[in-house]
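K.L.:
Here's my sequence, what's the structure:
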Amino acid sequence: MIFNAEMECMNVLEKQALQLSRLKNTVATVYEHVPFYQQAFQKKGIVPEDIQSLSDVQKLPFTAKKDLRDHYPFGLFAVEQHQLVRLHASSGTSGKPTVVGYTSHDIEQWASMVARCIALAGGKPGHILHNAYGYGLFTGGLGLHYGSEQLGMTTVPVSGGNTERQILLIQDFQPQVICGTPSYVLTIAETMEKMGLDPRKTSLQYGIFGAEPWSEEMRHALEEKLGIKALDIYGLSEVMGPGVAMECHEAQEGLHIMDDHFFVEVIDPISLQPMPDGEAGELVFTSLTKEAFPIIRYRTGDIASLHREKCVCGRTSIRMSRVKGRQDDMLIVRGVNVFPSEIESCLLQIKELVPHYQILIVTQGLKETVSLHVELTESSYATYGPQLNAEVYHELKMKIQRTIKNACLVNMPVELKEPGHIPRSQGKAVRIMKQRIEEMTL
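P.N.:
Numbering: from 1, shown residues only. Predicted coordinates:
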């Protein structure tokens, strides 16, 4: 099912003309109504009339998350407060939260984009959608909720947590689609198994997963455990929320960007120069239709590549690869760059381990050590836990280290943990733990 064939299957020249018209309008709006952008434009010596082609977007200034925090809470809004119908915000765990706002028109547009995404995943009017994304200031829950309703589905607003109740509702309501973070839905499947239930024998057909980087191997694990198609959705609150891009169930090969609403670029995060199609770099988005919080060349920190070939599903929209990781989450281990999702890919190939892990970074003075904590399956622990077979236990640790060394080129000490040791996600998984040890002075 194609929710909006006019936009999703539009030919390239028509799409580019539409993007340029909307880009000009957005640039004029922020120049007139957002002092931050007016000053940024003037600093670069440009005015809205300088934007005459899509390539002229490169003349525009970048926007970074710091800019949102520096103008907290409403300094980047393009409308008066009385025109807003909703506010969302980030958790603010690394400083002040980033705040975004929506007019009633923005909410309608957002719902329409998410409806397109759910249809891309295989959802249809009359289906039931089990929404295990968190509700509240986080955009995930309400974003999927409104899109599901606009598509004509029955929406179950469960939110995150309370896993056994989630399972009860899946059994009783018989949904076709489940939405949530991949780590939490994996927790749901594992809990089903502990309750003596077979996760493959539910009514679920499709899963819409996002809000955290996840690997192709995690996709296979979810599909195998739940007997579903696992599909990737992309979005971030600064750009809109979930629904910026979505995989189609026909191909599962790249995420279709809602390119009638967003202009996308990929840049080298160091030189800030554009990257050619097919090469990975930092995703940059410019909104084309937002009223309350239009954003210009927002540097997402997410690493991906772009592809423009027509998809087998018939849609002509630009596709992005699955996000390799966030620039902020990239680890540097003895001079080698590695993303947690690359480590995850290795671990999911080792049958003795469950798909849960944490990377511990310990800082003491100028010295930093990185270790990987992984968890044995119940059967593996029973067979050769450290107290039963120390030699095989040691061999498994070496096997894991070799696998990561060969794939990621980093040598990382491994700690094997007993089943259930690593905390299970109730929302977004916490993959990186940091610990600082203060040096003692005599």
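
K.L.:
Bridge partners for residue 376, pull those for me.
P.N.:
Taking DSSP bridges, one finds residue 353 as the beta-bridge partners of residue 376.

K.L.:
Burial check on it, number of neighbours?
P.N.:
A total of 22 residues lie near residue 376 under the criterion other Cβ atoms under 10 Å. For the C-beta atoms, the positions are set from N, CA and C on the backbone; glycine is no exception.

K.L.:
where does it land on pLDDT?
P.N.:
Residue 376 carries a pLDDT value of 90.

K.L.:
In this structure it contacts residue 417, no?
P.N.:
Yes. Applying Cβ atoms under 8 Å as the test, residue 376 and residue 417 come out as touching, 7.0 Å apart.

K.L.:
which SSE is the residue nearest the centre of the chain in?
P.N.:
In the chain, the residue lying closest to the centroid (Cα atoms, centre = their mean) is residue 211, at 3.7 Å. Secondary structure here is read from DSSP states H and E; on that basis residue 211 sits in neither a helix nor a strand.

K.L.:
Now it. Nearest residue, chain neighbours left out?
P.N.:
Counting by Cβ to Cβ, 6 or more residues apart in numbering, residue 181 is the residue found nearest to residue 211 once chain neighbours are left out, at 4.9 Å.

K.L.:
since we're on the one you found, how many residues are nearby?
P.N.:
Around residue 181 sit 23 other residues, with neighbours defined as other Cβ under 10 Å.

K.L.:
cool, and residue 359?
P.N.:
The criterion is other Cβ under 10 Å. On that basis, residue 359 has 20 neighbouring residues.

K.L.:
Give me the pLDDT for the residue nearest to residue 263 when sequence neighbours are not counted.
P.N.:
Leaving aside its chain neighbours, residue 263 sits nearest to residue 286 (4.4 Å; criterion: Cβ to Cβ, 6+ apart). Taken from the predicted model, the pLDDT recorded for residue 286 is 98.

K.L.:
Using PDB, list the CA coordinates for the helix or strand containing residue 286.
P.N.:
Under the criterion of DSSP H and E, residue 286 resides in strand 281-287. What follows is strand 281-287 as a C-alpha-only set of coordinates in PDB (Å, rounded to 0.1, in the frame of the first residue of the first chain):
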ATOM      1  CA  GLY A 281      29.000  10.800   6.200                       C
ATOM      2  CA  GLU A 282      27.000  13.000   8.600                       C
ATOM      3  CA  LEU A 283      23.300  13.400   7.800                       C
ATOM      4  CA  VAL A 284      22.100  17.100   7.500                       C
ATOM      5  CA  PHE A 285      18.500  18.000   7.200                       C
ATOM      6  CA  THR A 286      16.700  21.200   6.200                       C
ATOM      7  CA  SER A 287      12.900  21.200   6.900                       C
END
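
K.L.:
Any regions of the stretch 51-200 of the chain where pLDDT drops low?
P.N.:
Low-confidence segments of the stretch 51-200 of the chain (pLDDT under 70): 92-95.

K.L.:
Quick one: the strands in the stretch 101-250 of the chain, in order.
P.N.:
Counting by DSSP state E, counting those that start in this stretch, the stretch 101-250 of the chain has strands at residues 128-131, 154-156, 177-180, 206-209, 229-236, 241-247.

K.L.:
looking at these, which is buried most?
P.N.:
Among the strands of the stretch 101-250 of the chain, judged by mean count of other Cβ atoms under 10 Å, the one packed with the most neighbours on average is strand 177-180 (a mean of 30).

K.L.:
who does that one touch, helix- and strand-wise?
P.N.:
In terms of contacts (3 or more Cβ pairs under 8 Å, 6 or more residues apart in numbering; DSSP states H and E), strand 177-180 is packed against strand 128-131, strand 206-209.

K.L.:
picking up where we left off before, contacts made by the strand holding residue 286 with the rest, please.
P.N.:
Applying Cβ atoms under 8 Å, 6 or more residues apart in numbering, the contact partners of strand 281-287 are 23, 26, 57, 60, 62, 239-240, 244, 261-269, 275, 293-305, 320, 323, 327.

K.L.:
shouldn't residue 254 be in contact with residue 307?
P.N.:
Yes. In this structure residue 254 lies within contact range of residue 307 using Cβ under 8 Å: 5.4 Å.

K.L.:
Mind checking which of those two has more residues around it?
P.N.:
When residue 254 and residue 307 are compared for neighbours, residue 254 comes out ahead with 22 against 15, by other Cβ under 10 Å.

K.L.:
ranges for the helices of the stretch 101-250 of the chain?
P.N.:
Counting by DSSP state H, counting those that start in this stretch, residue ranges of the helices within the stretch 101-250 of the chain are 104-121, 139-151, 163-173, 182-194, 216-226.

K.L.:
For those helices, give me JSON lines that also has distance to residue 52.
P.N.:
Shown next, in JSON lines, are the helices of the stretch 101-250 of the chain (distance: least, Cβ to Cβ, whole Å):
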{"stretch": "helix 104-121", "distance to residue 52": "26"}
{"stretch": "helix 139-151", "distance to residue 52": "34"}
{"stretch": "helix 163-173", "distance to residue 52": "52"}
{"stretch": "helix 182-194", "distance to residue 52": "43"}
{"stretch": "helix 216-226", "distance to residue 52": "41"}
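
K.L.:
Redo the ones you listed as JSON lines? Include mean neighbour count and distance to residue 340.
P.N.:
Below are the helices of the stretch 101-250 of the chain laid out as JSON lines (neighbours: other Cβ atoms under 10 Å; distance: least, Cβ to Cβ, whole Å):
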{"stretch": "helix 104-121", "mean neighbour count": "23", "distance to residue 340": "25"}
{"stretch": "helix 139-151", "mean neighbour count": "25", "distance to residue 340": "20"}
{"stretch": "helix 163-173", "mean neighbour count": "15", "distance to residue 340": "23"}
{"stretch": "helix 182-194", "mean neighbour count": "21", "distance to residue 340": "11"}
{"stretch": "helix 216-226", "mean neighbour count": "19", "distance to residue 340": "11"}
